[in-house]
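> model this:
(chains A and B)
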Amino acid sequence: EAGVTQSPTHLIKTRGQQATLRCSPISGHTSVYWYQQALGLGLQFLLWYDEGEERNRGNFPPRFSGRQFPNYSSELNVNALELEDSALYLCASSLGQGSNQPQHFGDGTRLSIL
Amino acid sequence: GNSVTQMEGPVTLSEEAFLTINCTYTATGYPSLFWYVQYPGEGLQLLLKATKADDKGSNKGFEATYRKETTSFHLEKGSVQVSDSAVYFCALRSPGAQKLVFGQGTRLTINP
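Okay, the predicted model is just below:
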């Protein structure tokens, strides 16, 4: 069974540009989560999508947005990139909404802002 | 709010040593608790989980017991290997919530 896959592996942008990160969940998983792992800030929850809808978002500005497609894959878009957006962005998926359903993570997209 | 506190790293041990990484949490109700491991250049892998008090999660020789009375979920392994070198994250997920709340991570290095 394929795990969570993310693309691209690395992404280099400059300030003010826009970035799009992609995630394919494990087959059968309907919930997709995005987390930011920035140096010194740990892992922070960004967004949760389920059945095509944004269900919850963390404490991030509106320039962080995304969507979930009918096949449950997801995109994270970051507009007006800032230097502090440099981080590893991790996508996770789970079977459902139960709190005991573990989230399975991809290997991440490393976003570097020059 | 909910939070997770892990012992500060980095932790350096010799091969075959006993490992404990402390994790305590603050949460309302009965959260589910998880340990994830991150190897260099990779994402997070679920190591083990426990969903109710006194549950013991175990995997690959690692164990952790959900202790409601001390709000703890300490990770232990009886004999570590060089291949266990990684960053370990403790996390919780509250009932009805979807996001994981992570501790700051503990970097573990095992020397041969």
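
> now the strands: where do they sit in the chain?
Just so you know, I chose chain A. Counting by DSSP state E, chain A has strands at residues A:5-7, A:10-13, A:19-24, A:31-38, A:42-50, A:53-57, A:64-68, A:74-78, A:87-94, A:104-105, A:109-113.

> you looked at the wrong chain, it should be chain B
Under DSSP E, chain B gives strands at B:3-6, B:11-14, B:19-21, B:23-26, B:32-38, B:44-50, B:56-59, B:62-65, B:75-77, B:86-93, B:101-102, B:106-111.

> ok, back up a step: the strands of chain A into CSV, with extra columns for distance to chain B?
Placement of C-beta: from N, CA and C, glycine included. Output for these, formatted as CSV (distance: least, Cβ to the nearest Cβ, whole Å):
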stretch, distance to chain B
strand A:5-7, 8
strand A:10-13, 11
strand A:19-24, 11
strand A:31-38, 7
strand A:42-50, 4
strand A:53-57, 6
strand A:64-68, 13
strand A:74-78, 14
strand A:87-94, 5
strand A:104-105, 4
strand A:109-113, 9
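
> between those, which one is closest to residue B:42.
strand A:104-105 (9.0 Å; Cβ to Cβ).

> can I get the strands of chain A in a markdown table with mean pLDDT?
A markdown table is the format used below for the strands of chain A (pLDDT from 0 to 100):
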| stretch | mean pLDDT |
| --- | --- |
| strand A:5-7 | 97 |
| strand A:10-13 | 97 |
| strand A:19-24 | 98 |
| strand A:31-38 | 95 |
| strand A:42-50 | 93 |
| strand A:53-57 | 92 |
| strand A:64-68 | 97 |
| strand A:74-78 | 98 |
| strand A:87-94 | 96 |
| strand A:104-105 | 94 |
| strand A:109-113 | 97 |
